[in-house]
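Asks: I'll drop the sequence and a predicted model, then ask my questions.
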Amino acid sequence: QVQLVESGGGSVQPGGSLRLSCAASGFAKDYPAIGWFRQAPGKARQAVSCISASDGDTYYLNSVKGRFTISRDNAKNAVYLQMDNLKPEDTATYFCAAPVTTLQVMCVPDPSSSWGQGTQVTVSS
């Protein structure tokens, strides 16, 4: 059974940093491309950042480029999202999902994607 568990959310002031973790388990074969998505109340879900399974290709939402960094540790079956210089508009619930289809210009979850339970990120002074 596929399971994704996020952690690392919290409340920070603008300009602060957080590091989100997504622990993955239960995939039958090699761990797939994994993505981070976010949803704020009343807003549509956004793909924030995704990373391919093996070659390290990444996708970033334009508004987070230069501030967020995605990485993966296949030995630990984990994907991380380092978020620096956080802004109030980054406030949302962040989810990881897999598998995703990702290219440098897009990232979408598959119909069969598994999702974590989400972790709240609040950026406020």
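Replies: Now that the structure is in, tell me what you want to look at. Every value quoted in this text rests on a predicted model; they were computed, and no experiment measured them. Numbers count the residues shown, from 1 in each chain.

Asks: all strands for this protein, in order.
Replies: Using DSSP state E, the strands of the chain run over 3-7, 10-12, 18-25, 34-39, 46-51, 58-60, 68-73, 78-83, 92-103, 106-115, 119-123.

Asks: which of these sits most buried?
Replies: Among the strands of the chain, judged by mean count of other C-beta atoms under 10 Å, the one packed with the most neighbours on average is strand 34-39 (a mean of 24). For glycine as for every other residue, the C-beta is placed from the backbone atoms N, C-alpha and C.

Asks: what lines up beside that strand in the sheet?
Replies: Strand pairing for strand 34-39, using DSSP bridges, gives strand 46-51 (antiparallel), strand 92-103 (antiparallel).

Asks: with distance to Phe27 as extra columns, can I get these in TSV?
Replies: As requested, the strands paired with strand 34-39 are exported to TSV (distance: least, C-beta to C-beta, whole Å):
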stretch	distance to Phe27
strand 46-51	15
strand 92-103	7
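
Asks: so which of those is nearest Ser25?
Replies: If you check each of the strands paired with strand 34-39 against Ser25 by C-beta to C-beta, strand 92-103 wins as the nearest, at 10.8 Å.

Asks: quick one: the closest one to chain centroid distance?
Replies: How far strand 92-103 lies from its chain's middle: 5 Å, per C-alpha atoms, centre = their mean, to the nearest Å.

Asks: tell me what angle it forms with strand 119-123.
Replies: Interaxial angle of strand 92-103 relative to strand 119-123 (axes from the mean of the first three to the mean of the last three C-alpha atoms, to 10 degrees): 110 degrees.

Asks: and the average pLDDT for strand 92-103 is what?
Replies: Computed over strand 92-103, the mean pLDDT rounds to 93.

Asks: re earlier: nearest to Ala28, of the strands paired with strand 34-39?
Replies: For Ala28, the closest of the strands paired with strand 34-39 is strand 92-103, at 11.4 Å, according to C-beta to C-beta.
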